[in-house]
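[1] below are the sequence and a predicted model for it; my questions follow.
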Amino acid sequence: MAMALTVLLMLSGPMATISTLLPSRTLLAMAPATVEGLLFAVTHIYLVTMGAKVFAPTVTLKTKTARRSRPSVYDRSCPARLVIDHLADKWAVLIIGLLANETMRFAELRRAIDGVSQKMLTVTLRDLERDGLVSRKLYASVPPKVEYSLTPLGASLSNKVEDLCRWAEANMEQVVSARKDFDKRRSAD
């Protein structure tokens, strides 16, 4: 704002003062804080100080897009993004896929999911439990026995996860081929 007033005073000539530009300064304060708004305001003030008859347009303040009644995952503040972040994890997809068929213990899950570390399995199960997708049942025994199963909310997601896994298995050759072609093009550049 101060820079715009400095530019304005430089354009207006040595006799201009802030008091002679008061109506235009008010318009400048109402202009949107964008480059276009700033250029419009400075141009308007310059024309007014040069004696041109300029009619100030009606100023309408633009607001961000109207809030929807439900949050959208495309809004950065939407809590659904955290859920998608957990569900987009490969380990979460595999765990939900396995638990859709049966209740399993930790060691069974670890054996069934080739390549998952104990730490990643623990963290992912905890995240899914926190999101209400997985239920953890602890039995008082020695050694402790813990079983994991899908909650009704998690079960409602299992069909979509199965579809995603089937799609990945059916199209993996095309994806691998596309990656090879892409890598060849990139290395040729």
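    Everything's here; your move.

[2] just confirm Ile113 contacts Trp91, I think it does.
    Yes. Using Cβ atoms under 8 Å, Ile113 is in contact with Trp91, at 7.0 Å. Heads up, the C-betas are built off the backbone N, CA and C, glycines and all.

[3] what about the two, which has more around it?
    For Ile113 versus Trp91, neighbours defined as other Cβ atoms under 10 Å are more numerous around Trp91 (20 against 17).

[4] contact partners for that one?
    Residues in contact with Trp91, defined by Cβ atoms under 8 Å, 6 or more residues apart in numbering, are Ile113, Val116, Met120, Leu121, Thr124.

[5] distance of the second one relative to Tyr74?
    Translated: Val116. According to Cβ to Cβ, to the nearest Å, Val116 stands 31 Å off from Tyr74.

[6] the two: who's more crowded?
    The neighbour comparison of Val116 against Tyr74 (other Cβ under 10 Å) goes to Val116, with 18 against 8.

[7] for the nearest residue to the more buried one once chain neighbours are set aside, give its distance to Lys119.
    Of all residues not flanking Val116 in the chain, Trp91 sits nearest, at 5.6 Å (Cβ to Cβ, 6 or more residues apart in numbering). The spacing between Trp91 and Lys119, counted by Cβ to Cβ, is 11 Å.

[8] what about Ala188, how many neighbours?
    Residues near Ala188, counting by other Cβ under 10 Å, number 6.

[9] confidence score at it?
    Confidence at Ala188, expressed as pLDDT, is 86.

[10] now swap in Pro79 and tell me
    Pro79 is assigned a pLDDT of 86 by the prediction.

[11] my guess is it meets Pro71, correct?
    Yes. Counting by Cβ under 8 Å, Pro71 is a contact partner of Pro79 at 6.9 Å.

[12] for the longest helix along the chain, which positions count as buried?
    Taking DSSP state H as the criterion, the chain has its longest helix at helix 152-188. Across helix 152-188, burial judged by 16 or more other Cβ atoms under 10 Å covers Gly154, Leu157, Ser158, Val161.

[13] now stretch 136-153
    Tyr148, Leu150, Thr151.
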